[in-house]
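**Q** Sequence and computational prediction follow.
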Amino acid sequence: MTSGKKIFLIAVIVIVLLAGAFYSFFKGTYNQFVTLDEGVKASWAQVENQLQRRYDLIPNLVETVKGYAKQEKDVLVEVTNARARVGGASNVPDKITANNELTGALSRLLVVVEKYPDLKSNVNFLRLQDELAGTENRIAVERKRYNEAVQTYNVLIRSFPANMVAGMFGFAKAAFFEAPATAQAAPQVKFQ
């Protein structure tokens, strides 16, 4: 074999190895994005299951409170409107915003309940309040898992050189499910 053929053969081997390395990198990175994207979607589905559970509890809660606190119409309307916005939200960021508004409206409703001792001792209300508290805990757990999945996914999207693959195939950052600023402050309860 002549030295020209040896150089040509070495060049072909180097090109094949580089092509194989690039293929492996793109394939591995793309598949990692797909896996993480599906993980984010699966985590969001679990969040939505719990949000739906809360969504279904609200009409019974509002009806129970309405029987005792008819004069608190504004708070009841606020909860009902917030629930309607949750039902009308179509994408994840809108659903997060609408659910944060619903959380705030429910907090205000539960503060209003403090003014009605008869309502607080009603067995149906106590059962609904317990179910709502359990559901809120489940939402918190699923929201944490969702945010962890989003963090892992978003870190990969921003990392070099994986960010090039993300840009080429249209993988975009996912939205975190963050608590609203109003949730940072404890609700004010005033006894009369």
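**A** Received it, and whenever you're ready, just let me know what you need. Numbering: from 1, shown residues only.
**Q** Which other helices and strands does the lowest-mean-pLDDT helix or strand in the chain contact?
**A** The helix or strand of the chain with the lowest confidence, counting by mean pLDDT, DSSP states H and E, is helix 117-120 at a mean of 82. Counting contacts by 3 or more CB pairs under 8 Å, 6 or more residues apart in numbering; DSSP states H and E, helix 117-120 is packed against helix 3-68. Any C-beta I mention is one placed from the backbone N, CA and C, and that applies to glycine too.
**Q** Relative to the whole chain's centre, how far out is the helix it packs on?
**A** Mean-position distance between helix 3-68 and its chain equals 15 Å (CA atoms, centre = their mean, to the nearest Å).
**Q** before we move on, what about stretch 117-125?
**A** With CA atoms, centre = their mean, you get 32 Å for stretch 117-125.
**Q** mind checking the end-to-end distance for it?
**A** 11 Å (CA to CA, to the nearest Å).
**Q** in it, what counts as buried?
**A** 119, 122, 125 (16 or more other CB atoms under 10 Å).
**Q** Residue 102 - nearest residue in space that isn't next to it in sequence?
**A** Distances taken as CB to CB, 6 or more residues apart in numbering place residue 82 nearest to residue 102, at 4.2 Å, with adjacent residues excluded.
**Q** Please tell me how far the one you found sits from residue 89.
**A** Residue 82 is 11 Å from residue 89, where distance means CB to CB, to the nearest Å.
**Q** Likewise for residue 56?
**A** 16 Å.
**Q** Among those two, which residue is more densely surrounded?
**A** Taking other CB atoms under 10 Å, residue 56 and residue 89 do not tie; residue 89 has more neighbours (15 against 12).
**Q** got the contact list for the more buried one?
**A** Residues near residue 89 by CB atoms under 8 Å, 6 or more residues apart in numbering: 95, 97, 98, 99.
**Q** What does it show for phi and psi?
**A** Note on residue 89: its backbone torsions stand at phi -70, psi 140 [degrees, to the nearest 10].
**Q** Who are the contact partners of the residue nearest to residue 102?
**A** 98, 101, 102, 104, 105, 106.
**Q** Quick one: mean pLDDT for stretch 176-187?
**A** Throughout stretch 176-187, pLDDT has a mean value of 65.
**Q** Mark which of the contacts of residue 82 are buried, thanks.
**A** 98, 101, 102, 104, 105, 106.
**Q** can you tell me which of these are in helices?
**A** 98, 101, 102, 104, 105, 106 (DSSP state H).
**Q** What is the nearest of those to residue 61?
**A** Ranked by distance to residue 61 (CB to CB), these are led by residue 106 at 8.1 Å.
**Q** wait, isn't that closest one in contact with residue 79?
**A** Yes - proximity of residue 106 to residue 79 meets the contact threshold set by CB atoms under 8 Å, at 6.3 Å.
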